[in-house]
Structure formats: structure tokens, C-alpha cells
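Q: Take this sequence and fold it.
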Amino acid sequence: MSSNGTPLTRHGSRLRHRMAHTEPPTKTSPRPVVVPQAVIRQMIVCVSDELASVLHRTRSLDRHLGVSGTVCRRIWASPSLRPWQRRQLIDWHKAKTGPQSCAGGPVRLLDLTGMEHAAHMGAVLRHQQWSHVVAGTQPATPWAVFLQRHLNDPSDYPMGTATAEFHRQPRVQAMRMHNTATHGSGHLDPMDLEVFQAGASAYANYHALWASCTDALLTEGGHRLHPASAFFADRITYLQQAHHHLQSLDQHQRLFAIDLQTP
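A: A predicted model of the protein is given here:
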């Protein structure tokens with residue numbers, strides 16, 4: 001202890017002087033926010049005539065397009081299709097009843113409008129059923145919100161907790177209970193909760209556009225369109241862009257659908 005009462009270190013220097021030169025603590029940079037990505041299961045691909053013929057023979061999607069997947073027979077052929085035009089379609093299949101399906105072909109030989117109309121009508125009926133199933137329940141928080149919280153803090157908010165809290169909501173419980181008691185078609189996907197809650201018109205229009213645009217679109221120039229996140233707002237933005245692109249295509253432009261391989 002010095003004569004003026006200031007404490008000394010064992011080397012004799014005043015502690016106050018030593019503390020004045022101590023480096024201030026460094027601030028840690030904030031952790032970047034992680035946004036849940038949209039699930040991409042199907043894609044529409046626009047290709048040139050030359051590449052379409054190569055893909056039709058080899059099916060080497062990964063080599064020529066840079067995507068891993070298989071051709072998907074989900075597109076309707078035009079009801080005015082002539083027998084000699086079938087060779088221009090990819091994986092054309094003659095159905096016993098209803099529309100004839102294929103994996104793709106020239107736009108002029110496809111019935112994209114019919115697909116959208118049928119999807120719209122089916123979605124209207126499905127939303128009516130959903131409204132009856134969840135009647136009396138409060139609006140629920142969509143799954144993407146819980147998933148984002150988990151992605152940004154996986155140690156304190158594990159996936160099991162996120163799933164349990166999402167399923168614990170009365171509206172989600174009503175949907176799951178309906179699915180449990182329903183056999184075959186008629187299930188209500190809880191992952192579509194945000195779209196359901198947007199209203200009947202939004203839900204029907206979403207599924208109408210999704211029928212022709214699916215989850216992602218690869219343009220003839222190699223540009224990939226897809227939702228920026230799993231949230232409904234970003235899915236709307238994607239559908240606006242993809243549908244506008246499809247509407248702008250020449251009637252001879254070839255396109256086809258593929259199922260993507262999940263990692």
C-alpha cells in the first residue's frame with residue numbers, strides 16, 4: 001500500500017495506473033439471421049429443340065442441365081392433340097379416362113390452362129373442407145416461423161421442441177386429427193397452413209399457378225427461378241415471376257417437368 005492509500009501490485013506499480021491501460025473488451029459481431037429455405041421437389045425446365053431431343057434420348061439431366069432428377073409425367077397434353085403429334089411429347093401416356101398426361105413438349109401441344117383451372121377448382125373445395133375442420137380455432141403460427149427460430153438457435157431451440165410447439169397449436173391439431181381419421185385423398189397438409197390462412201381465393205390461385213410452375217423453373221437461358229424462402233410471401237413472388245415467364249414463351253418452346261432428387 002502506498003503512502004496515499006493507492007494499492008500496489010507485487011512489483012510496486014500502482015493498480016489504478018495498470019487498470020487504465022487495460023484493453024476494452026471486444027464486441028462480438030451479431031450472428032447472421034438464417035432464413036428457412038423453400039422445399040424444391042419439382043421443377044419446370046425450358047429447353048431448346050436440340051437439347052430436348054438429346055434429353056429425350058439420354059435422360060442425362062445432370063450432365064446437360066446441372067440438376068439431379070428424373071422426368072415427371074404430370075403435364076396435360078392438349079385435348080386437340082393429333083396422333084402424329086404424340087412423338088413430339090416426352091413420355092406421353094394414354095389414360096383410360098380424363099386428360100392425357102406427359103412429361104412435357106412444345107407449349108402449343110400442352111394444356112397448361114386446363115391444369116390451372118382443374119387445380120383451382122380442387123383447391124376451392126379443399127379450402128372449404130379446411131374451413132370446416134378448423135372452425136372455432138384461433139389462427140396458428142406457420143411452421144416456417146418455428147423452423148427459422150430453430151435454425152438461428154439450434155442448441156437452445158432444438159428441432160424436437162420446434163416440431164412439438166408447432167403441433168401443439170389447436171388449429172394444427174384439428175388438421176392432424178382430420179388427416180388421422182381420413183383415408184386416401186382429402187388430407188390437409190399442415191405445411192400449407194400459411195396459405196390456408198391467407199383465404200380461399202389466395203389458396204385457390206396459389207395452387208392454380210403452382211400446377212403449371214411447380215416449385216422452381218429453369219429458363220431456356222439457364223436462369224433458375226425459385227422462392228427466396230419457405231415463407232408464403234416469397235412463394236408468391238416466385239409464382240409471379242415463373243407464371244409471367246411461361247406466358248411469354250413462344251408456342252413452339254419446349255418444356256418439361258422433373259422430380260428433383262433430394263440430398
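Q: This protein: strands as residue ranges?
A: Along the chain, the segments classed as strands by DSSP state E run 42-47, 69-71, 75-76, 101-102, 104-106, 216-218, 224-225, 254-260.
Q: for those strands, which one sits closest to Trp130?
A: Across the strands of the chain, Trp130 has its closest neighbour in strand 42-47 (22.7 Å, C-beta to C-beta). In short, each C-beta sits where N, CA and C put it, glycine included.
Q: Name every strand pairing with that closest one and say which way it goes.
A: strand 216-218 (parallel), strand 254-260 (antiparallel) (DSSP bridges).
Q: Ok, which of the strands of the chain comes nearest His120?
A: strand 75-76 (13.9 Å).
Q: where does this structure dip in pLDDT?
A: Filtered on pLDDT under 70, the chain yields the residue ranges 1-29, 50-66, 262-263.
Q: what about 90?
A: Applying pLDDT under 90 to the chain picks out residues 1-33, 47-72, 83, 86-87, 90-99, 183-186, 220-222, 260-263.
Q: in it, which spans are helices?
A: Secondary structure of the chain by DSSP state H: the helices cover 15-20, 49-58, 61-65, 112-133, 143-152, 159-167, 170-181, 193-197, 200-213, 232-247.
Q: re the thing from before, can you add mean neighbour count and give the strands of the chain back as CSV?
A: Formatted as CSV, the strands of the chain follow (neighbours: other C-beta atoms under 10 Å):
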stretch, mean neighbour count
strand 42-47, 22
strand 69-71, 16
strand 75-76, 25
strand 101-102, 22
strand 104-106, 24
strand 216-218, 21
strand 224-225, 16
strand 254-260, 23
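Q: can you tell me which of those strands comes nearest to Gln148?
A: Closest among those, once you apply C-beta to C-beta, is strand 216-218, at 20.6 Å.
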